[in-house]
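Enquirer: Just the structure for this:
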Amino acid sequence: MLLSAQISNIPRISPIYQKRLTRLGVKTLRDLFYHFPHRYDDFSQIKSIGELKEKEIATIQGEVTKIKNIRTWKRKMAITEICVQDGTGLVRAVWFNQPYIAKSLPEGTLVSLSGRVNIDKGLYFSNPSYEKIDKNISYVKIHTGRLVPVYPETTGLSSRYLRYLLRLFSPALKQISDWLPKEIKDSQHLISLNQALNQIHFPSSVKAISQAKRRLAFDELFIIQLYALWQKTKWQNEKSIKITFNESLIKKFVKELPFTLTDSQRQSAWEIFQDLNKDCPMNRLLEGDVGSGKTIVAALAALQVATEGFQVAFMAPTEVLAAQHFKSLSALFTKYDLSVSLLTNSESQTSFPLENPKSDKKRLLEQIKNGELKIVIGTHSLIQKKICFKNLALVIVDEQHRFGVQQRAALQKSTASLCDGLPSSIPHLLSMTATPIPRTLALTLYGDLDLSLLKEMPVGRRQIITKIIKSKDRLAAYEFIRHQVKQGRQVFVICPRIDVNGNEEDRLIKPDRSDINGLPLFEEANVDEIKTVKQEVEKLTKEIFSEFKIAALHSKLKSTEKNKIMADFRVGKIDILVSTSVVEVGVDIPNATVMMIEGAERFGLAQIHQFRGRVGRGEHQSFCFLLTTSAGQENNQRLKAILTAKNGFELAEHDLRLRGPGQFYGTKQWGLPDLSMASLADMQLIKEVRLEASSLLQKDPALKNYPLIKENLRQFKEKIHFE
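Expert: Numbers count the residues shown, from 1 in each chain. Sure thing, here's the model as predicted:
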């Protein structure tokens with residue numbers, strides 16, 4: 001059987017099980033071998049029945065001497081009980097609601113049982129793993145008597161069945177070619193790929209599992225690093241427009257700012273200017289905590305490029321954030337002969353000095369095409385085919401974690417092809433993210449990007465006072481909010497849901513990106529307890545704050561409605577804004593001093609940190625209240641970390657230690673492969689992998705001497721879209 005064989009074409013697997021395997025992402029025989037266990041049951045302690053002790057986990061082997069099925073009419077439960085004996089004693093085994101076992105283990109059957117030993121009228125096994133043993137053949141145990149793997153499962157598909165398939169098709173493992181070069185395996189003390197796959201499914205010891213995991217983790221991280229570094233080398237061979245640094249212009253602009261740049265901002269800006277001054281395209285990630293001043297650094301780069309006569313595209317993930325950047329940059333560049341425009345699906349406008357600030361979209365597209373507009377701000381609509389730039393030299397992507405590697409590449413290539421003046425050039429790319437990522441981890445996730453960090457907060461920025469509010473203190477929190485609003489301040493209230501009606505997708509926020517399986521971070525709370533925007537607006541308006549102006553904001557509103565609400569909130573026409581996570585990014589209300597998060601345990605740390613960053617942007621002391629819907633969540637370690645972490649980077653490190661990288665970053669969001677074996681928390685392994693990948697590419701950039709690696713890269717590129 002070939003490894004490439006489709007599960008749907010394997011006669012030994014019934015159509016029902018084929019569908020169930022597909023649900024697990026197992027489409028080929030190779031996929032089956034790469035469906036890794038998430039834990040192991042240690043059934044390796046083999047004992048005689050006479051040696052058994054209460055509460056221990058053990059394996060015994062003996063003959064079935066008695067068997068019976070009992071149905072309890074009161075609880076409508078089927079109980080299967082067998083008696084097994086060897087030369088040293090007798091023990092019972094009991095299963096619930098599995099009456100078919102009676103037929104599988106008739107009297108006289110030699111059986112192996114593994115599980116926990118309990119006591120009730122003598123020793124017995126409760127729901128043990130079992131398998132029949134044939135005296136006449138050499139038998140290899142699959143479900144008992146060893147370290148037994150337990151796999152991610154789905155309805156109607158158990159680990160027992162997966163183990164059966166893996167043993168059945170295990171001879172096909174011989175076809176797997178070990179693509180990792182011998183010199184790397186030797187230097188890193190790695191076992192062969194065939195050994196690793198055998199030991200991960202059929203381990204001989206705990207040490208063997210550890211060795212297998214390290215090899216498979218190394219493979220996954222190595223191919224990611226190799227791809228990222230290869231992509232980076234590829235970009236460095238492309239041609240871009242060289243933008244000469246204009247020192248007098250930048251010094252003049254910085255001097256006129258109403259605040260002083262931090263050392264991190266100055267350093268990051270200088271790194272960007274150096275990149276722009278090269279004829280190969282910049283590919284840089286500007287990473288900074290919420291409120292660290294990324295926008296002003298991006299503005300410096302945009303000013304430098306636009307004053308040289310070239311165009312800048314500033315891309316944001318939402319219309320709200322795009323409108324915010326339009327407002328900010330228009331204000332910053334009022335003294336300069338630069339036009340700033342906003343282009344989204346619902347809005348198109350330009351700033352001074354153009355004669356018609358409320359341009360219709362058709363006119364605005366013409367102005368972009370003829371180069372009249374120098375700085376164009378928008379959403380993903382900026383990479384539509386109908387938009388044509390004359391001489392685009394810089395692309396800025398905000399909240400870059402929402403755009404994958406291929407999306408960034410598509411943005412650069414598509415915009416390059418639309419440049420009438422220089423069709424062969426590729427624009428410089430500056431990506432920005434406010435999601436703090438530990439540096440070494442960032443190098444793994446964004447190996448194709450150079451990294452600039454903003455670790456300082458602007459001078460004068462006050463720390464936001466954060467508190468976990470218990471149920472008994474809710475009324476006191478309301479009174480505090482009333483006092484704040486009466487002083488002229490404004491308030492955000494964040495809810496996990498929009499409405500109690502409609503389907504689940506409409507009324508629940510999307511699972512936080514920090515969840516690797518796309519599941520809620522905690523068990524579902526009672527639906528009636530989960531706060532909704534519409535319910536909360538009604539409650540606050542009628543029962544709590546009837547004297548204040550309250551409005552709702554959520555994703556189901558039309559763009560024009562959302563913009564109107566945000567405009568009213570910005571100018572103080574709204575006192576309390578009740579919203580879903582739509583305000584996570586891109587909202588700058590200096591007068592807002594309270595962020596109240598309902599059902600805080602339902603959000604990830606990074607998300608809560610983003611919410612908190614919506615306040616504390618003005619001169620007044622700001623506050624963040626975390627309210628929980630479940631009893632006992634007040635003491636949750638995750639929420640406590642929000643109180644103690646000094647900044648987003650420290651918070652990210654904490655979440656990495658507490659819950660692991662898979663949950664914090666999430667494969668669906670980041671678009672990485674399974675990473676089921678790789679521990680991104682193992683910084684030492686990441687460093688070693690990166691060094692090996694870098695060394696290999698330096699020796700052989702085209703991978704001519706490594707055809708197996710080249711083929712793996714090709715397959716990786718096809719399978720993984722990094723989006």
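Enquirer: List the beta-bridge partners for Ser112.
Expert: Ser112 has the following beta-bridge partners by DSSP bridges: Gln61, Glu131.
Enquirer: give the contact list for it.
Expert: The neighbourhood of Ser112, defined by CB atoms under 8 Å, 6 or more residues apart in numbering, consists of 59-61, 130-133, 141, 144-145. All C-beta spots, glycine's among them, are computed from the backbone N, C-alpha and C.
Enquirer: Check what pLDDT His143 gets.
Expert: Looking at His143, its pLDDT stands at 92.
Enquirer: ok, which stretches of the stretch 101-250 of the chain are strands?
Expert: Along the stretch 101-250 of the chain, counting by DSSP state E, counting those that start in this stretch, strands occupy 110-119, 123-126, 129-132, 147-150.
Enquirer: for the protein, where's the lowest mean pLDDT among helices and strands?
Expert: Across the helices and strands of the chain, mean confidence by mean pLDDT, DSSP states H and E is lowest for helix 504-507: a mean of 32.
Enquirer: buried residues in the following helix or strand past that one?
Expert: The helix or strand immediately downstream of helix 504-507 is helix 533-539, counting by DSSP states H and E. Buried residues in helix 533-539, defined by neighbour count with 16 or more other CB atoms under 10 Å: 533-537.
Enquirer: hang on, the earlier thing: export the strands of the stretch 101-250 of the chain to JSON lines and tack on distance to Ser192?
Expert: Below are the strands of the stretch 101-250 of the chain laid out as JSON lines (distance: least, CB to CB, whole Å):
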{"stretch": "strand 110-119", "distance to Ser192": "29"}
{"stretch": "strand 123-126", "distance to Ser192": "38"}
{"stretch": "strand 129-132", "distance to Ser192": "29"}
{"stretch": "strand 147-150", "distance to Ser192": "20"}
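Enquirer: Columns mean pLDDT and distance to Leu639 on top of these, output as CSV?
Expert: Shown next, in CSV, are the strands of the stretch 101-250 of the chain (pLDDT from 0 to 100; distance: least, CB to CB, whole Å):
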stretch, mean pLDDT, distance to Leu639
strand 110-119, 93, 35
strand 123-126, 93, 37
strand 129-132, 92, 39
strand 147-150, 93, 30
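Enquirer: got a winner among the contacts of Ser112 for most neighbours?
Expert: Among the contacts of Ser112, the one with the most neighbours (other CB atoms under 10 Å) is Ile60, at 28 neighbours.
Enquirer: all strands in the stretch 501-650 of the chain, in order from the N-terminus.
Expert: Secondary structure of the stretch 501-650 of the chain by DSSP E, counting those that start in this stretch: the strands cover 550-553, 576-579, 592-597, 623-627.
Enquirer: Would you convert those into a markdown table that also reports mean pLDDT and distance to Phe480?
Expert: Shown next, in a markdown table, are those (pLDDT from 0 to 100; distance: least, CB to CB, whole Å):
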| stretch | mean pLDDT | distance to Phe480 |
| --- | --- | --- |
| strand 550-553 | 89 | 17 |
| strand 576-579 | 90 | 13 |
| strand 592-597 | 93 | 8 |
| strand 623-627 | 92 | 8 |
